[in-house]
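**Q** no sequence on hand, only this structure:
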């Protein structure tokens, strides 16, 4: 299965990179932009796993390493390889 | 005092820490590579040094927190051995959940490298007893991710338990409550962003950092 884990700072945790990017976008004339958040996408393949198994495994990976629960939340997407 | 400095790939203050401990306390630490799976039970102090372990990949300290030696560091910490994480070492201790919270990107987005004045909040810990009677200390910060964050409940708890050891006199990086260093519940694990290892002799601009290592050495002597 193809897995994609998306990690973002939790709402309420100041995303200084998002803020700086938003300011730069506004400086370029995109006046209507708001709520810019910077995150991270981690993609990988999981061999021999069903979609449900792959989702569970990806969650375990996110809990153990890919995301820091103190500051980040994540979402998992799974698709056929 | 028997001490060890843990060396991760990308650590760059490991030697600074070793020299600082030796000149501050007279005893020379052992240098321990991160693949080590057995640490000496007789250690009085373990130091996780500053630097960029694993290139700061994923998150600062994330990889190092999960390396082989850390289960030994955790085991000895549970037995009461003193552990100091400085800068990247502090990030590693948070990532390893040996200290609460996390270190975010500095609020000004810049890498900050400068001496800072710290308020000595708690001089009753085994890391700060030599600061007794001192309201302030000067040490150097050098980091991009030094902005201490913890949720409101955690902050209330650590403040209520007197676990904040150093606070920035003027907050340089957006850290909540100006937190520059704090200890764990047991009082034997300290994480701090400023570098005592860059402030152990007057020639370095400040000798205040030596007091951190001398505090631990003093406590070790009493036990012995």
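**A** All right, it came through fine. All of these numbers come straight from a predicted model, not from anything done at the bench.

**Q** output the lowest mean pLDDT helix or strand found in chain A.
**A** Lowest by mean pLDDT, DSSP states H and E among the helices and strands of chain A is helix A:16-27, with a mean of 95.

**Q** which residues are in contact with residue 14?
**A** As the question left the chain open, I've gone with chain A. Applying CB atoms under 8 Å, 6 or more residues apart in numbering or on different chains to residue A:14 gives the contacts B:104, B:107, B:174. Glycine gets a C-beta too; all of them are placed from N, C-alpha and C.

**Q** try chain B instead
**A** Neighbouring residues of residue B:14 by CB under 8 Å, 6+ apart: B:5, B:6, B:7, B:31, B:49, B:51.

**Q** tell me what the residue in chain B positioned nearest to chain A is bridged to.
**A** In chain B, no residue comes nearer to chain A than residue B:102, which is 4.4 Å away by CB to the nearest CB. Residue B:102 has these beta-bridge partners by DSSP bridges: residue B:149.

**Q** that one: neighbouring residues, count only.
**A** 23 (other CB atoms under 10 Å in any protein chain shown).

**Q** my read: it touches residue A:10, true?
**A** No - contact criterion CB atoms under 8 Å: residue B:102 and residue A:10 do not qualify, at 10.7 Å.

**Q** let me know whether stretch B:185-197 sits next to chain A.
**A** No - judged by CB under 8 Å from any CB of the partner chain, stretch B:185-197 stays clear of chain A, getting no closer than 13.4 Å.

**Q** for that stretch, measure first residue to last.
**A** Using CA to CA, to the nearest Å, one end of stretch B:185-197 lies 24 Å from the other.

**Q** for it, which positions count as buried?
**A** B:187, B:188, B:189, B:190, B:191, B:192, B:193, B:194, B:195, B:196, B:197 (16 or more other CB atoms under 10 Å in any protein chain shown).

**Q** and chain A, which residues reach chain B?
**A** For chain A, the residues found near chain B under the criterion CB under 8 Å from any CB are A:9, A:13, A:14, A:16, A:17, A:20, A:64, A:65, A:66, A:68, A:70, A:71.

**Q** farthest pair in the residues you listed?
**A** A:20 and A:64 (30.3 Å; CB to CB).

**Q** so which of these two has more stuff around it?
**A** More crowded of residue A:20 and residue A:64, by other CB under 10 Å: residue A:20, with 15 against 9.
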